[in-house]
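**Q** Have a look at this prediction, sequence included:
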Amino acid sequence: MSRLLVPVQLDVLVVRDERERWAATAMTQPVAGAGGPRRQRLAPEPFTELADGRPPGAHLHWAVPDALTRAGRDAVEPVFPVLPDRWLVVRLSGPATAPTRTVRTWLLPPGSGPGLPGPGLPDIELPDLTPPLTALGPGDPAWTAAYDNVLGRFALYDDLLDVGRAAQSIAYLVCGWYGRAGADPLTGVDEARFWTLLEEFGWSLDRRSSGADPVPTSCLFHGSAVAIGWPLPRWPGGGDLGAEAEARPAPAEVVVAVGDTTAAAVATLALTAEDGTAGGRRDRDEASGVAGGPLVHRLTESALLGTPDRLDLPDWPARLDAALHRARFGHRPGRPVTEVVWQPSPPSAPVVGGPGPDGPGFPGPVPIPAPHGRLVEVRRPGPRTWHAKDPVVVLQGAGRGFRHGGDGRFTPTGHLVCRTTVTVLGVGIPPKLGLGAEALPDDPLAGLPVPAPDCANLLVELAATDPGSAPDLASAPPGRPSPLAAARARLWLLRDPDALPSGGLTGVTVVGALPSPLALTPPGRPWAPFRLDWSLGYLPSPAGVHDWRLDDLDFVPAGAAPAAKPTHLLTGSTVLTAHAATMAEQDTPLDLLSGSLADLAARLRGDPLDPVVRERGSPVADPPAPAAPEDFVAVRAGALRLLRLRVVDGWGRFVDLVPGPAPVVPSPGVQSPGPPDLLAFPPRFTAPARVSMRFTDGAGGTAEAVDGTTPIAGYLLASPLDGSVELFDADGGGLGRLRPDPVAGTVWEAEPGTAAQVGGGPDRDVPNTVLAAVADRVLAADRGLRALPAHLRTLPALEALRRVLDVTRMTVDEVGAAGTEHLGLLLGHPVAVVRARLAVEVEDPRRPPALAVTALPVRLGVLGHLQDGLLGAFVADEHGRLLVVDPAVADLAGDGATLPAYVNPSATFTVQPGSPVMLTLLMVPGSRVHVTTGLLPRKAVALERSWTAPALARISPTVRRGPVLRDPAVTRLPVPGRVRGSWSWHRRADPWTWISDEVVPATAEALPPTGPLEASDGWLRLNRGPDPDYPALPLDVTCVRTTLIDGVRTVVAVGVNNADGSHVRVPVAQAAGLLEVRRLGLRARRPSGPPVPVRVIRRADGSRSLRAVQDGVDALLALPECRDG
Amino acid sequence: MKALVTGGQLLDTLATAHQTGLVPTTVVGAPTDYVSSRVAAWRLLHDIPYAYLVPDDTMLPAESIRFFHVDPAWLDALTEAALGLGADPPTWQTRAPRVLPATRRSVLGSMRLVRDVRRGRIVVGDGPSDLPWPPPAGPRDEPVEDPPVTGFLLRSALVSRWPGLQVRAWTTAAVPSGADPAEHAAEHPERVVPILRLERLSPGVLIALFGGVPRLVWLEEPHHGVQLGVDVAAAVPHLPAGSRTGAGREIQRPHSVAVRDEQGRPTGQVVSVPMRAGARPGVVDVQKLAAALDAARPLPAPRGGAGMSLALLQPPARQRFAGGAR
């Protein structure tokens, strides 16, 4: 039976000073209540210390292999590997020449085996853990990191009372295995699986030790600590070998970086180090606006995140900003929704024909016409909710330990080298072999229920590698170690290859295969930081979010300074991880530790944070939440003051960083303009929230624009020639124009060629109420403008509208998304008038009433995004106030002139959470609009191409031209020849009469005019020809789902048979949408006779229903009811 | 978290760039060959409706020719409007002064090629680079002087009856009237005014455009075939062809034939062309004409068919339009 010898790191902390202070690290044993789930605090309170300290003696703590602390990847829920549950601890003490060393053994856990030789274990009451034992322990991933948690399992206290007070060297060996049958990961694995498992675990096999051994069938974990001096670090014959280097850093050596993300904090540390100062660099850069400071920081942060945005795009700064801002939030998926979509069949494989009539290569591959496709029901996740991530503390120089996560650090490939059976028999200097067995009594483990002979071999290895067991200690010169002890101590250099002389271990004889340096720990005072205790003061802004101003991307302080005294004292503990180090390090490990100031939002809300304890197997349910505290915070805003910061290690040793000499460096995102000890805490919701931006029915309703409903109310087309703005309906049909008039200011002019009514306004000619309101408000704003005294006169609203559109359009890539094939985009710049509904939704179970009346600022559109095509907006149906995208637009559009009140230059409006706001957006077709709230990541919604493409193909400006030379007999004008449609020349014979001439395309051919030409003023208009009509794909409706509405049986869903025989049920709204885009033709099947086409009926309220009437009978209602399933 | 580039900074940058014309060079670069070719064609009045060239029929009556200069200001306006199509109006207004010089430079280079492209001799973008009328060198944004473009419109039966009517233009009127145009052009290339466009706008209307200001323009019969004929007698130089009597009969103008020696050189003598009696008007009595020629200048043998052909051989007719001295 072959075993795989897996090294573990054994650290021994020798306590000689009883006055030392120790932090409490022990986790409370969870106890399920009888009344169902309950919350119980398991972690110790932050900053609490052990009242009785730690007793003198050796405190052993060994780390379980990294591979056994990682959850399985494929499991739906994390599944941790089982940990070895049987351990043998062996101590060597006493002089090595008497004639052998004294051996003492412990078998863990207590009571797990037969009686042991020697004194029994200390009186430990082990918590009752339900097997199998994993790294989670009773439910904490960091459970094994604390010495007190695993005492008796992966830790041992040796009071050393039995070894006396004579100076001596002590060595320990731990040897672990699985006592539970089948728990060993190597149980029953064949050779192929063995190597796969080895790779999964990150282990490798020392080929020198494997030889021709069969595949190991079990694991044996082992580690040793040697040359520990007792009661002093020095021992006879060892010289300075017993000196214990202190691994715990001094507080002044640690740099504390606080950032809004780990990457931001690491970037700050990196740039600070370059600068050579502990802080202030970012302050200086931000204040002076020197390019490079914030830019380099963000690029660094982006690179650390591993997701640098497309820096080759022209609008990369805005993209980078948005990506980094989004990185400051976490998200959870929303509830999934179901919908039916048309899924075209994939194109069939082309058929390669043989040589055609013209020889080889003709006609080549001929694609076979694909079958139509089918309707399928798909589930897609609902909109996500976002929550602000907590600030992160990154510690530089805090003495990152590699006990956890560093198993592979001694090989270039990152593998932990294991052996099978061959161990070290001796370490000496020629001609002395320094055999370990010589220092041990015969068969020291006789009678113990331990894996033989490996544990005994490992004990020999311990004696062979322990300088304190060298047989020549008596020959040591004064103050220096004996030659053999010194030779064995050279093995310690293997832990640090950089310190190893070029000759390696020359002159040292090793009999056997050395273990990984991980398994051989030299004396020292270990430091394994794993927890950060922190205490913060929350200093709210007096007026909350209103003391902050929404900038381009996020809030910036603008109002009163935060309160002087904290209203909330926030205290917590965070597990320190190497996340920051792995993010930044390339080859050399970095001494970086990071942890977030976790659950700040929950602490401000007074939400319970203690874990829920329940009986195993009982249903998952949270106990009822307590009532909201009086100082409940729904929207945080203000500053944080770092009051205390303490790093705690596995034994409970700690370093106080704050207050203390450790410099604190805030990243730019948390820099506060106030006192330097404050950290900015920008406004965020304390509950998950989302921005809901939905396009709605362009006709003015509130229904979402889905299933064939378009959000387009119409189009505006500004003419630079005459300063007019032309209006088109959603289909691209001309309606009329707003035109500057020297007398009236701005007048409405109906579409040329249509009968006009004196004094008639847009509401008469524009059927869409939204579009009519947009035009009407411009007229109203300019009414009476000319009569005002000159000093009160402003720009006309029509002119202001045109300028705002023109200025904002400079920053938009108009054809990037919409394409260039549309004539409308070439002949003019149509602006889509789009309806949308905006809501900020906060999923706060406490439903704080104050939140519902908090007015939160919102910005629409971003100038920096090329694809953001918002040119202006009207909020809450106030079509008399044009909201610009950025205040700078108003400045540039004004160009020195006074803008009318029609233009709202603030670029910001307010929204109350939970209260939707209707928006009328002026957008470039095919573009998107971004919503910036600062409280949440920037959100973008894009116009669907199908909403605008038909209109863009039809829109053509009615161009007022004149004078043109016109033949009285025939209107011959130069017009584009490749446009489908006909051209008209509309002119007025007198102020009341329109004459429309059909335009004959003029050519260069010399056709003499029939008479003198006349100069003619008029409007040139293109009447686009109809698009080719493609036949819809017929699908048969075989059943319906009906319900009674007001006593009338009404179809709510139809069952459709796909061509492949599958069946899908389509809700009426979706079916109507599919029919209206003419993609599908639904037919109601009848028992006899041909199927009846299904038509969409629009009701007065905008809702739609399906009918298939034939001979006065609705064939749909004659169909059977669809069965469930 | 502040934005790296605020909207205000972005707009300032854009506005400044537009005001100063410092737009990216890729935008200011020369237009594509196709665009250059199209604009060059428009500058040569291609696709311009005829009514805009001749708004009134009386401005170009039948059997008339009108010489003109092409005003480049109008063509610049056309170019600017064409290139500005689809552009943002304020943006275009600021960019146009920057873009147009580069465009014009390219367009001028393409103007010589338009004719060859239209005739199918070359394709767009495939023209020779060493044009005799190259665009001026200099920095790309330096104003470019338009070479003068002139031309004429001819409305005449000449256009329909002589489809191959040839046009030559010279910078000087001192070109000998009997000179061979090819030989003269080879000897004096500096005197040649290139033809940019020569096209029949209708069966009876011809437009010609020259790349310069000619002092002399020739209209020539096509140089093909052998033409035999007689001359109109110089005695009644002012009687137009086709003049009719008061009774409606066409007045037959006397015709003559120059007498040549055996070398084919004119002797300076002229004989009247006898007409056949009793035949339809205008039928020459060849036998009498041969006898008259033999009488005027006897040859070693009486003039037979070949001799008569030589006597009646006529070179292509050439109409000269010469301007006054500059």
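**A** Structure's in. What do you need? Residues are numbered from 1 along each chain as shown, chains lettered A, B, ... in the order given.
**Q** in the host helix or strand of B:M308, what's buried?
**A** Element membership for B:M308, per DSSP states H and E: helix B:305-312. Using 16 or more other CB atoms under 10 Å in any protein chain shown as the test for burial, helix B:305-312 gives B:307-308, B:311-312. (Each C-beta comes from the backbone N, C-alpha and C, glycine too.)
**Q** Specify the local secondary structure of the spatially most central residue of chain A.
**A** Nearest to the mean C-alpha position of chain A, by CA atoms, centre = their mean, lies A:G330 at 5.3 Å. Following DSSP: H, G, I helix; E, B strand; the rest coil, we place A:G330 in the strand state.
**Q** any idea how far it lies from chain B?
**A** Distance from A:G330 to chain B, counting by CB to the nearest CB, to the nearest Å: 16 Å.
**Q** ditto for A:P566
**A** Relative to chain B, A:P566 is positioned 24 Å away (CB to the nearest CB).
**Q** For that residue, which non-adjacent residue is closest in space?
**A** A:G537 (2.9 Å; CB to CB, 6 or more residues apart in numbering or on different chains).
**Q** Pretty sure that neighbour sits against A:L643.
**A** Yes. When contacts are counted by CB atoms under 8 Å, A:G537 is listed as touching A:L643 (5.6 Å).
**Q** so what sits against both of those two?
**A** A:L569 (CB atoms under 8 Å, 6 or more residues apart in numbering or on different chains).
**Q** What residues does chain B have near chain A?
**A** B:1-8, B:10-12, B:14-15, B:18, B:45-52, B:54-57, B:85-86, B:88-91, B:201-202, B:204-205 (CB under 8 Å from any CB of the partner chain).
**Q** just the buried members of those residues?
**A** B:1, B:3-8, B:10-11, B:14-15, B:18, B:45-46, B:48-51, B:54-55, B:57, B:88-91, B:201-202, B:204-205.
**Q** hmm, back to that, and which of the buried residues of helix B:305-312 is nearest A:A1118?
**A** Nearest to A:A1118 among the buried residues of helix B:305-312: B:L312, at 98.6 Å, using CB to CB.
**Q** And the closest one, how far from chain A?
**A** B:L312 is 37 Å from chain A, by CB to the nearest CB.
**Q** Find the nearest non-adjacent residue to that residue, please.
**A** Nearest non-adjacent residue to B:L312, counting by CB to CB, 6+ apart: B:L228, 4.1 Å away.
**Q** By mean pLDDT, point me to the weakest helix or strand of chain B.
**A** helix B:25-28 (a mean of 41; mean pLDDT, DSSP states H and E).
**Q** I'd like the next helix or strand past that one.
**A** Downstream of helix B:25-28, the first helix or strand assigned by DSSP H and E is helix B:33-43.
**Q** Give me the distance between the very next helix or strand once past the helix holding B:M308 and the centre of its chain.
**A** Past helix B:305-312, further along toward the C-terminus, the next helix or strand under DSSP H and E is strand B:313-314. Centroid separation between strand B:313-314 and its chain, computed with CA atoms, centre = their mean, to the nearest Å, is 26 Å.
**Q** So for strand B:313-314, mean pLDDT?
**A** On average, the pLDDT along strand B:313-314 is 80.
**Q** Note down every partner strand of that strand and its orientation.
**A** Applying DSSP bridges to the sheet, strand B:313-314 is found paired with strand B:227-228 (antiparallel).
**Q** Would you list the strands that the following helix or strand past the strand it pairs with pairs with, along with their directions?
**A** Moving toward the C-terminus from strand B:227-228, the next helix or strand (DSSP H and E) is strand B:231-232. Sheet pairing of strand B:231-232 (DSSP bridges) gives strand B:255-260 (antiparallel).
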